[in-house]
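Asker: following is a predicted model, sequence given first.
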Amino acid sequence: MQGVAIDFDAVPGPQESRALRLDFSGGSNVDLAEPFEFVPVRPGTNYHFRAYMRTEDITTESGLRFSIIDPNHPNAVAALTENLTGTHGWSALDADVVTGNQTHFLLVRLLRAPSRLFDNRLSGTVLIADLSLVRSGTEAERPRQ
């Protein structure tokens, strides 16, 4: 992808796991929707998403966050984590998700929308590690039919 170099970092993440490193060159207004993964889930179920992110000198107001959607039913599930810019140590990004009655897969992806500002070229580094999506509590309350 133009404007970003992706590799694993030599320094482990907060739970001593391998961290993914993205270095942005500052040459473009990056529109990012990866890396991503399709995750099988149960319909009508509560889930909790958590990922750890560290940022170093991320420029522009449009930083990095995670998006969780149902790719087959766009109105069924939609969650976004906090938008990180600037410099932050390892930070937990959390989101609670309730799957729809027809949801069998979720798309979990790193997301960065292009900036609308004049000074919109993205530079800096982001590291991500320790992503999880786990069932939480009991099954979600389903609408009565």
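Answerer: Thanks, I have it.

Asker: for the rest of this, base every contact and every neighbour count on C-alpha atoms.
Answerer: Fine.

Asker: so, low pLDDT: which residues of this structure?
Answerer: 138-145 (pLDDT under 70).

Asker: for it, what spans make up the strands?
Answerer: Assigned by DSSP state E, the strands in the chain fall at 4-8, 20-25, 36-40, 45-58, 65-69, 78-80, 86-98, 105-111, 123-139.

Asker: turn these into JSON lines, including mean neighbour count.
Answerer: Output for the strands of the chain, formatted as JSON lines (neighbours: other Cα atoms under 10 Å):
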{"stretch": "strand 4-8", "mean neighbour count": "14"}
{"stretch": "strand 20-25", "mean neighbour count": "20"}
{"stretch": "strand 36-40", "mean neighbour count": "13"}
{"stretch": "strand 45-58", "mean neighbour count": "20"}
{"stretch": "strand 65-69", "mean neighbour count": "22"}
{"stretch": "strand 78-80", "mean neighbour count": "18"}
{"stretch": "strand 86-98", "mean neighbour count": "17"}
{"stretch": "strand 105-111", "mean neighbour count": "20"}
{"stretch": "strand 123-139", "mean neighbour count": "17"}
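
Asker: could I get these as TSV with distance to Pro14?
Answerer: Below are the strands of the chain laid out as TSV (distance: least, Cα to Cα, whole Å):
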stretch	distance to Pro14
strand 4-8	14
strand 20-25	12
strand 36-40	21
strand 45-58	8
strand 65-69	18
strand 78-80	22
strand 86-98	7
strand 105-111	18
strand 123-139	8
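
Asker: who does the spatially most central residue of the chain form a beta bridge with?
Answerer: Among the residues of the chain, the one closest to the centroid is Phe66, at 1.7 Å (Cα atoms, centre = their mean). Per DSSP bridges, the residues bridged to Phe66 are Leu110.

Asker: OK, contacts around it?
Answerer: Phe66 makes contact with 80-82, 108-111 under the criterion Cα atoms under 8 Å, 6 or more residues apart in numbering.

Asker: from Val126, how far out is Glu37?
Answerer: For Glu37, the distance to Val126 (Cα to Cα, to the nearest Å) stands at 18 Å.
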